[in-house]
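[1] Quick one, structure for this:
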Amino acid sequence: MKQKIARWLQDAWYKEMYISSALMPISMLYVDAMRFRSFLYRTGFKKKTKLAVPVIIVGNITVGGTGKTPLILWMARFLKQQGYKPGIISRGYGGSAEQWPQWVDSQSSPELVGDEPVLMANRSGCPIVVGPERAKAGQMLLDKTSCDIILSDDGLQHYALERDIEIAVIDGQRRFGNGYALPCGPLREPIERLQSVDLVVVNGEVEEENEFAMSMQGEVAVNLLTKEEKLLSDFNWLPSHALAGIGNPKRFFDLLEQKKISIEKHAFPDHHKFTAADIVFNDDKPVLMTEKDAVKCFDFASEQHWFVPVKAKLEQQFIDKLLTLIKEKIRG
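    Prediction:
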């Protein structure tokens, strides 16, 4: 029921469905509370923790997926190319661990630490620690590894952790929805918050001069059971099921349709806890899913089930600006 309500709210926020004006005063109070909280950290009334290595935050100002995880994976590769040894921290959203922080590797349970951290462990080759208190997660990384820079997956609003660079990611399809703050709309912080971050990345087409475009590339599907790889073009015109339990399922469905794959769509709430019944259909059609969903489905997948890994592609202007920021803010 909780997940159904969350899906309904996101549909309302992003499709301009009617939401009672009675909630508007709550949204106004929420915005005031967020601004006051930010003020307390800026003025030192609430303490920040500064870690011994630089911290780069990759976050957003809206509820729902925007493409942070693919950007984190791109950043991890990029920083390695620049000679850094990056580590990654995340909240571990959806994880049920009783103690935090938690170390994450490719064998970790998504049930305990969350789906996105396990995906990043599989793809990044970086040490990863998750926990609601990002500073404690970061300190565990420093205690156990030789990482010399930390990427925070989300955490733009987690002001208790000092940061050197802030990158905000926007979903180019949905932008800011109806433009209202929680609970009337999807905004975690006012849109003006984007004026204070270092870089704004749009997953899709940009609309403002200060935005940098990011696109997603996916060319293959990987079988969950056999690990066989096939080109997505091999599925052209082949009737298939497509399922996605991400913030914006439409983005995944659009990718498959752009590859001329005929799909029956199955959208689930973000971070959905999949069961066999969710991915088994009464036919022999291929079932295509996101990599984030796949990490929760390996135990009950069959040869029908394939996931589609995607990679972020950034424009050169973003890369140049990021290098400049690293030189100015980190390397001095």
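
[2] When you work out contacts or count neighbours from here on, use the C-alpha atoms and nothing else.
    OK.

[3] so what's residue 166 bridging to?
    Beta-bridge pairing for residue 166 (DSSP bridges): residue 57.

[4] That one contacts residue 57, doesn't it?
    Yes - between residue 166 and residue 57 a contact is recorded at 4.8 Å, counting by CA atoms under 8 Å.

[5] Can you pull the residues that touch both of these two?
    residue 156 (CA atoms under 8 Å, 6 or more residues apart in numbering).

[6] residues near residue 133, how many?
    Neighbour count for residue 133, taken as other CA atoms under 10 Å: 17.

[7] Can you give me the separation between it and residue 311?
    Note on residue 133: its distance to residue 311, by CA to CA, to the nearest Å, is 28 Å.

[8] so how many other residues sit close to residue 125?
    Residue 125, neighbours per other CA under 10 Å, totals 15.

[9] oh sorry, the question was meant for residue 272
    Other residues lying near residue 272 total 16 when counted by other CA under 10 Å.

[10] Can you tell me how far the closest residue in space to it that isn't next to it in sequence is from residue 268?
    Leaving aside its sequence neighbours, residue 272 sits nearest to residue 245 (CA to CA, 6 or more residues apart in numbering; 5.6 Å). Using CA to CA, one obtains 4 Å as the distance from residue 245 to residue 268.

[11] what does residue 152 give?
    From residue 152 to residue 268 the distance is 26 Å (CA to CA).

[12] and if you look at residue 290?
    In this structure, residue 290 and residue 268 are 12 Å apart, going by CA to CA.

[13] okay, and the common contacts of these two?
    Common neighbours of residue 290 and residue 268 (CA under 8 Å, 6+ apart) are 243-245.

[14] Which of those ranks first by neighbour count?
    If you count neighbours using other CA under 10 Å, the busiest of the shared contacts of residue 290 and residue 268 is residue 244, which has 26 neighbours.

[15] partners of it in the sheet?
    Assessed by DSSP bridges, residue 244 has beta-bridge partners residue 267.

[16] Tell me which stretches of the stretch 1-150 of the chain form strands.
    Assigned strands in the stretch 1-150 of the chain, in chain order: 55-59, 86-90, 102-104, 128-130, 149-153 (criterion: DSSP state E, counting those that start in this stretch).

[17] okay if I get those strands as CSV plus distance to residue 178, mean pLDDT and mean neighbour count?
    Converted to CSV, those look like this (distance: least, CA to CA, whole Å; pLDDT from 0 to 100; neighbours: other CA atoms under 10 Å):
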stretch, distance to residue 178, mean pLDDT, mean neighbour count
strand 55-59, 20, 97, 25
strand 86-90, 28, 98, 27
strand 102-104, 36, 97, 22
strand 128-130, 32, 98, 28
strand 149-153, 25, 97, 25
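
[18] In JSON lines: the ones you listed, plus distance to residue 36.
    Listed next are the strands of the stretch 1-150 of the chain as JSON lines, based on distance: least, CA to CA, whole Å:
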{"stretch": "strand 55-59", "distance to residue 36": "20"}
{"stretch": "strand 86-90", "distance to residue 36": "25"}
{"stretch": "strand 102-104", "distance to residue 36": "31"}
{"stretch": "strand 128-130", "distance to residue 36": "27"}
{"stretch": "strand 149-153", "distance to residue 36": "23"}
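
[19] And those strands: which comes nearest residue 276?
    Across the strands of the stretch 1-150 of the chain, residue 276 has its closest neighbour in strand 102-104 (24.5 Å, CA to CA).
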